[in-house]
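**Q** Okay, here's the prediction I keep looking at, along with the sequence it came from:
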Amino acid sequence: SLPRDLAGCSIVVSAGGTRESLDPVRFLGNRSSGKQGYALARLAVQRGARVTLVSGVTAGLEPPAGAHVVQVTTAEQMQDAVRAHTATADVVIMAAAVADFRPDSMAESKIKKVQDEPATITLVQNPDILAGIVEQRAAGDLPATRVIVGFAAETGDEHGDVLTHARSKLQRKGCDLLVVNAVGEGKAFEVDSNMGWILRADGGESALPLSSKNLMASRILDAVGTLLFTG
Ligand code: PMT
């Protein structure tokens, strides 16, 4: 059986993708299945934590037993739900793939095709949920929150660009841990396996070899536990 090393700990996990409506039948979305975030939520429950799973759109995943699940669709709804539960959370893990942009307005009826005319969509920026949590904590508004985990899905040469981008993302985002996924065939989005690195704010780095998303979740929670219990 699993260690109950996270007993007494309250964790918010976001998972899945957000969807931003263009009109009543169309949306902008992404390929996140929710598998990585759901694996984290399920395992955190099994290791004794109280877990709120803020779930965007997934590939029809079953809610993990024992987690409090809040379903959302858009990035703004995800921000509201994450914020509502972060005030009492020891740990926040942002595994969701949040849309950086949304259409500036949603058309009330289906957008019509105009013969031979290109169409233009104007996008506006969504709030950065992770950056908002980091700011709130820096302002002293989240006294309970001790570990903030961001994810980064990066394309590029695994041993060069990916880590370089990720190190600067960790600095920019200001979280305590950044889980870096190398996007490609058989890893990250949609599939059951994943690989990457865990970067710590203090400069420490460890590799996450190609494995199931469950094993990946277990290594991520180990790193969270280390920060929680040894500072
Ligand atoms: O769902 P799966 O199919 O299992 O795939 C898992 C995954 C690849 C989606 C997941 O492991 C992952 O990497 N999620 C982050 C995807 C991503 O592209 O992140 P990003 O680089 O856009 O964002 C960086 C971080 O900021 C993330 O923690 C993200 O949740 C957060 N963010 C991003 C944009 C935004 N507006 N608000 C945010 O909070």
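**A** Now that the structure is in, tell me what you want to look at.

**Q** Pull the number of nearby residues for the nearest residue to Arg102 once chain neighbours are set aside.
**A** Using C-beta to C-beta, 6 or more residues apart in numbering and skipping residues adjacent in sequence, the residue nearest Arg102 is Glu20, 3.8 Å away. C-betas here are computed from N, CA, C, even on glycine. Counted with other C-beta atoms under 10 Å, residues neighbouring Glu20 total 21.

**Q** Could you do Ser33 as well?
**A** 22.

**Q** would it count as being in a helix?
**A** No: the assignment for Ser33, made by DSSP: H, G, I helix; E, B strand; the rest coil, is coil rather than a helix.

**Q** what packs against the worst-scoring helix or strand of the chain on mean pLDDT?
**A** Lowest on mean pLDDT, DSSP states H and E among the helices and strands of the chain sits helix 161-173, with a mean of 89. Secondary-structure packing of helix 161-173 (3 or more C-beta pairs under 8 Å, 6 or more residues apart in numbering; DSSP states H and E): helix 129-138, strand 147-154, strand 177-182, strand 193-200.

**Q** Which strands or helices does the shortest one pack on?
**A** Yep, that's strand 177-182 we're talking about. Using 3+ C-beta pairs under 8 Å, 6+ apart, strand 177-182 is in contact with strand 147-154, helix 161-173, strand 193-200, helix 213-230.

**Q** now the ones you listed in TSV, with mean neighbour count and distance to the ligand?
**A** Putting the helices and strands packed on strand 177-182 into TSV (neighbours: other C-beta atoms under 10 Å; distance: least, C-beta to the nearest ligand atom, whole Å) gives the following:
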stretch	mean neighbour count	distance to the ligand
strand 147-154	23	4
helix 161-173	16	6
strand 193-200	21	6
helix 213-230	18	6
